[in-house]
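*Asks:* Model the following, please.
(chains A and B)
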Amino acid sequence: MTDNRFFNRSELIGILVLAVFLVLVLPLTLDVFRLNLVAKYLTYAFVALGLVICWGYGGILSLGQGVFFGLGGYCMAMFLKLEASSVENTKIQSTPGIPDFMDWNQITALPLFWKPFHSLTLTIAAIILVPGIFALIIGTAMFKRRVGGTYFAIITQAVAAILTILIVGQQGYTGGINGMTDLRTLKGWDIRPDHAKIVLYFFEVGCLFVCIMIAQFVRHSKLGRILVAMREKEDRVRFSGYSVANFKIFAFCIAAVFAAIGGAMFALNVGFMSPSFVGIVPSIEMVIYTAVGGRLSILGAIYGTLLVNFAKTSLSETFPELWLFGLGGLFIAVVLAFPNGLAGIWGDYVQPRIDRLIASRKPKPEGWTDSSVADSAPAE
Amino acid sequence: MFGDYSLGDLGSIFVMQGFAGLILFSVYVLMALGLAIIFGQMGVINMAHGEFMILGAYVTWMTSNLFQTYMPGLFGGYFFLAMILAFLASGALGMLVEWVLIRHLYKRPLDTLLATWGLSLMLQQAYRSVFGAREVGVELPQWMLGSLQVTSSIEVPINGVFVMCLTVLITIAVAYVMYKSRWGRQVRAVVQNRIMAGAVGINTEKVDRYTFGLGCGIAGVAGSAFTMIGSTGPTSGQLYIVDTFLVVVFGGAASLVGTIASAFSISQTQSTLEFFMSGSMAKVLTLLAVVGILMLRPQGLFALKVRK
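*Replies:* Purely as a prediction, here's the structure:
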């Protein structure tokens, strides 16, 4: 292994292959409609990436990632909605200049918490900070008291339920069950036409690679090692003098921020945001993307997300009845037979063959079988 | 917010809302009892618990239709047979699921959550294919309709009273089985120390399977009782699953008393708040309070000390 903090050789190849796939192959082969679908799927890949750090490495299963996805998405959507409801666009309302759903609910002035979203800078800060601070509060409250495992999963799930009920219930402030629709421009630049969709797609892929690099860095740094050690034997790490809670809080926060970036991208690419991406069902679906791709593999999570979503779209278009059976069966099969997902299958069956093929052609390089501890399956 | 009501009115409101809360309490207790056994005793997160409950509800619906068509004379008593059938059906499915799925996952509690979530999706789709997507409601026998007039401003529905009595009976039965019978002793022994329990000759695998079956069976009975007060659809079970998990966690996972106490406090808080604000805000406030208390006291109301 080289001294690089980010990746070893096979990971570098993997990232390059993914880059070629996302930047060249998909845009050249798909029409704009399908490319926009891929952009929508990739927003979930951000969440899946966060879950690899938080769940795969840290061993913290959060069933509330939809909360952070939603918070990020709503922050972005609020900015876009405010821009779409300028005074001249909303002349027919009884109070011009506020979003349409507020007008329908007899609200006459913009609520205070909406005010910062007039500014793009503050919005971008909010996309990172709101979910980050929220995760910090939940994480501190839970991990400092050594609540973990199943309890943490149930409580994050309850938080997802609370936020959904709150958004649906407070229709005048949040748009209710319909969410925020009819988003039009970003700083005067129309986000709806085809060429804007293509630009947004490339922007999103760029952000995704920044997040992949951050995840790679975490994984290869000492921090990543401690996370794995913690997952395997928490007490031993604590006795060695590390503050287990702080590492867990960090992993949870970084997963939350990734999810929020994904949510913001969703609002931009898809053009609306609604509570149906916040609740329990989408949160668990996001976990399954990670599980299918491989909870220990950063790249696997992205392929897993794309694959499950493609399957979902094509299956639910042609056989709506079968789709839930398929998804349910997938959950069970992945958990029972392939706990490490696609990446596990790749690592167990495909990679060794490729390695053998290459090894038979040239002499074995040094440090060949260097597989890091982090690649082994969790032994819970 | 009390200004508009006289003292007598307020008293009646609290009694009536309290009673509505008691019905909610009964549903919570019936669902949470099964979950408390499965989650509290075995550590398995059964996300498909709501679907086991709905199976019981559908069995009850089918039995009532059967009685209506072939034995209209006995219709008044169909419910008791339906309850037993619901218990057997859900219990049998539970044991099958334990054998096929759960027993491979005891060492990975978080994975049981994903696997049973998959199971719940499949069951939901199965119900939708077999029974249709529309909600079904059973016809109540004559003696369960109407309500009891307690005072001039307070009246309570008879089916609610019936469900509550049923809840009390089932709770007593479960408490007896868990704390007095030989089998219950074996279950508790396995919970406290699986290896030692095996060493003294308890067949832990068999105990696991029956425990899971019992928990699912009780869920079936809960579904059966649920038909008395609401209609049943393929996804009705999912509405209750998070609440029920919170009830169990809030009560302290391995404690039956805790489960009942927490079901009582959560349901009463929610139904009392519901009168003064919208239903969704009442639910938000109740859940927030529960999550808040759990952050301060993660072990729940009544914690059982178990050597890990």
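*Asks:* low-confidence ranges in the stretch 251-380 of chain A?
*Replies:* For the stretch 251-380 of chain A, the stretches with pLDDT under 70 are A:362-380.
*Asks:* In which helix or strand does the one residue in the stretch 201-350 of chain A that gets nearest to chain B reside?
*Replies:* The shortest separation between the stretch 201-350 of chain A and chain B is 2.6 Å, found at residue A:331 (distances taken as CB to the nearest CB). (C-beta placed from N, C-alpha, C; glycine too.) Assignment of secondary structure by DSSP states H and E places residue A:331 within helix A:320-336.
*Asks:* Which element is encountered next along the chain beyond that helix?
*Replies:* With secondary structure assigned by DSSP H and E, helix A:320-336 is succeeded by helix A:341-345.
*Asks:* What residues sit buried inside that following helix?
*Replies:* For helix A:341-345, the neighbour count (16 or more other CB atoms under 10 Å in any protein chain shown) marks A:341-344 as buried.
*Asks:* Which elements pack onto that helix?
*Replies:* helix A:280-293, helix A:298-318 (3 or more CB pairs under 8 Å, 6 or more residues apart in numbering or on different chains; DSSP states H and E).
*Asks:* Buried deepest among those helices, which one?
*Replies:* Neighbour counts averaged per stretch over the helices and strands packed on helix A:341-345 are highest for helix A:280-293, at a mean of 25; criterion: mean count of other CB atoms under 10 Å in any protein chain shown.
*Asks:* thinking again about what came up before, quick one: work out the angle between the helix holding residue A:331 and helix A:280-293.
*Replies:* Using axes from the mean of the first three to the mean of the last three CA atoms, to 10 degrees, the inter-axis angle of helix A:320-336 relative to helix A:280-293 is 60 degrees.
*Asks:* Give me the helices and strands touching helix A:320-336, please.
*Replies:* In this structure, helix A:320-336 packs against helix A:280-293, helix A:298-318, helix B:109-131, with contacts taken as 3+ CB pairs under 8 Å, 6+ apart.
*Asks:* Please name whichever of these is nearest to residue A:265.
*Replies:* For the helices and strands packed on helix A:320-336, the distance to residue A:265 is smallest for helix A:298-318, at 12.9 Å, taking CB to CB.
*Asks:* Redo the buried residues of helix A:341-345 as a markdown table? Include distance to residue A:222.
*Replies:* Rendered in a markdown table, the data for the buried residues of helix A:341-345 read as follows (distance: CB to CB, whole Å):
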| residue | distance to residue A:222 |
| --- | --- |
| A:341 | 26 |
| A:342 | 28 |
| A:343 | 23 |
| A:344 | 25 |
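*Asks:* Need the max-distance pair from the residues you listed.
*Replies:* Pairwise across the buried residues of helix A:341-345, and taking CB to CB, the largest span is found between A:342 and A:344, at 7.1 Å.
*Asks:* Now do the shared contacts for the two.
*Replies:* A shared contact of residue A:342 and residue A:344, defined by CB atoms under 8 Å, 6 or more residues apart in numbering or on different chains, is any residue touching both; here these are A:294, A:297.
*Asks:* just to revisit the earlier point, nearest to residue A:212, of the helices and strands packed on helix A:341-345?
*Replies:* So among those, helix A:298-318 is nearest, using CB to CB, at 6.1 Å.
*Asks:* Now do the closest one against helix A:280-293: the angle between them, please.
*Replies:* With the same axes, to 10 degrees defining the directions, helix A:298-318 sits at 120 degrees from helix A:280-293.
*Asks:* Which of the helices or strands spans the most centrally placed residue in chain A?
*Replies:* Within chain A, one residue has its C-alpha closest to the average C-alpha position: by CA atoms, centre = their mean, that is residue A:47, at 1.2 Å. Secondary-structure assignment from DSSP H and E places residue A:47 in helix A:32-51.
*Asks:* May I have that helix as CSV, with CA atoms only?
*Replies:* The C-alpha trace of helix A:32-51 is given here as CSV (Å, rounded to 0.1, in the frame of the first residue of the first chain):
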residue,chain,number,x,y,z
VAL,A,32,-32.5,13.9,-20.3
PHE,A,33,-35.5,12.4,-18.6
ARG,A,34,-33.6,9.2,-17.7
LEU,A,35,-30.5,11.3,-16.7
ASN,A,36,-32.7,13.3,-14.3
LEU,A,37,-33.9,10.0,-12.8
VAL,A,38,-30.3,9.0,-12.2
ALA,A,39,-29.8,12.4,-10.6
LYS,A,40,-32.7,11.7,-8.3
TYR,A,41,-31.3,8.3,-7.4
LEU,A,42,-27.9,9.8,-6.7
THR,A,43,-29.4,12.1,-4.1
TYR,A,44,-30.1,8.9,-2.1
ALA,A,45,-26.5,7.8,-2.7
PHE,A,46,-25.4,10.7,-0.4
VAL,A,47,-27.5,9.2,2.4
ALA,A,48,-26.1,5.7,1.7
LEU,A,49,-22.6,7.0,1.8
GLY,A,50,-23.3,8.6,5.2
LEU,A,51,-24.7,5.3,6.4
